[in-house]
Every structure is written in structure tokens, then in C-alpha cells.
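Engineer: Build me a model:
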Amino acid sequence: MKKVIQCIILPLICVIIAAALAFTNSVTSSVIEEREKREQDAARMELLSEGDSFTQVTLDEAQLKELNVVDMYAADNGAGYVVQTTASGYGGPITVMTGVRSDGTVEKVRVMSSSETPGVGKKTEDESFLNQFAGKSGTLSIGSSVTAVSGATVSSRAMVEAVNSALAAVELVKGGSGQ
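Structural biologist: Residues are numbered from 1 along each chain as shown. Got it, this is the predicted structure:
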């Protein structure tokens, strides 16, 4: 009889705990979602200072693959776009987030992740290198519009490629082929 009671009580405790967890999740999930959206918008506003809130832009799969676009958001007030792209660096993929104003110029660039060589390729993450992109538009290239980091040409080219992908994605969307 004692074993029968134990077999009934243990599943009952599990059901009660599962119900309590489900209730807690239903109460907090909307709050967590809203907080995450605010934090993500704040990160995007760091790259596009005039942006207020952002809406995700959808591109078809072929366009995403061609442009190496990971994610793209448009500022709801028309200030511009924040585009996350990838490119192949010396140490592997580099993920870059670029703020592009509505006039098609870069406001700010930030490296989200990279595996570049410390002391050499990692210098492409320094503000002194990233600030070169501010105010630029069109198709950028090493030498004419961006000065490469000495000894890190592959990493520098990858950064330029990632920013060029962001600029091309914005032009694509502004041309009416996206969103």
C-alpha cells in the first residue's frame, strides 16, 4: 500500500510543478519579449542614432545568401537601416552590424563576432579602423575608400565586403525589391 501511495504522490507533485512553471512562463514571457526588443532596439540605435524603434525587413532566401545578410531592420521613423552581414576573414567568418542612414551613407560599423588573429586581424575591430566607414556610400574598396590594417589585408577586405553587403542590401530594399 505504501508503494502505491508513493506512485501516486510523485506524479501528482510533477504535475503540480509543471503547472506552476507553465503559469510562470505565461505571465513572464510577454515581459521578457518586450525587454529583449527594447535592448535590441537600443543596440540598433547605437549604430543608427536617429532610429527610434525598428522593424525587421524580409528578403527572400536567394537575396540573403547572395548578400550574406544575417538580419536587417528598418528604423520605423525612416532614419535608415541596421544590417547584420557576414564575410570570410583570415580566421573564419566575421559578423558585422552596419548602421546605414536613409541617404545610403554608413553611420557606424560594429564587429559582432570574429576569430581573427589577436594583435593583427583583431585590429579591424578597433575604432580607428571602423571609423573609416562613417559617411561612406556606394561600393567601398581597400585603398581608395578604406585603408587596410597593415598585415591584415584579408581581414580588412572581409570587413569591407561585409559593409558593402549591408550597403547593397539597403539599396535593394530602397529599390523596392525587399520588405
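Engineer: Return the helix or strand of the chain with the lowest mean pLDDT as PDB; C-alpha atoms alone will do.
Structural biologist: Ranked by mean pLDDT, DSSP states H and E, the helix or strand of the chain with the weakest confidence is helix 61-67, at a mean of 80. Extracted in PDB, the C-alpha atoms of helix 61-67 (Å, rounded to 0.1, in the frame of the first residue of the first chain):
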ATOM      1  CA  GLU A  61      16.400  33.400 -49.300                       C
ATOM      2  CA  ALA A  62      18.300  33.900 -52.600                       C
ATOM      3  CA  GLN A  63      18.900  37.600 -51.800                       C
ATOM      4  CA  LEU A  64      20.000  36.800 -48.200                       C
ATOM      5  CA  LYS A  65      22.500  34.200 -49.500                       C
ATOM      6  CA  GLU A  66      23.800  36.400 -52.300                       C
ATOM      7  CA  LEU A  67      24.400  39.400 -50.000                       C
END
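Engineer: Go through stretch 33-40 and flag the buried ones.
Structural biologist: Of the residues in stretch 33-40, none is buried by neighbour count under the rule 16 or more other CB atoms under 10 Å. C-betas here are computed from N, CA, C, even on glycine.
Engineer: How far off centre is that stretch?
Structural biologist: Relative to its chain's centre, stretch 33-40 lies at 14 Å (CA atoms, centre = their mean, to the nearest Å).
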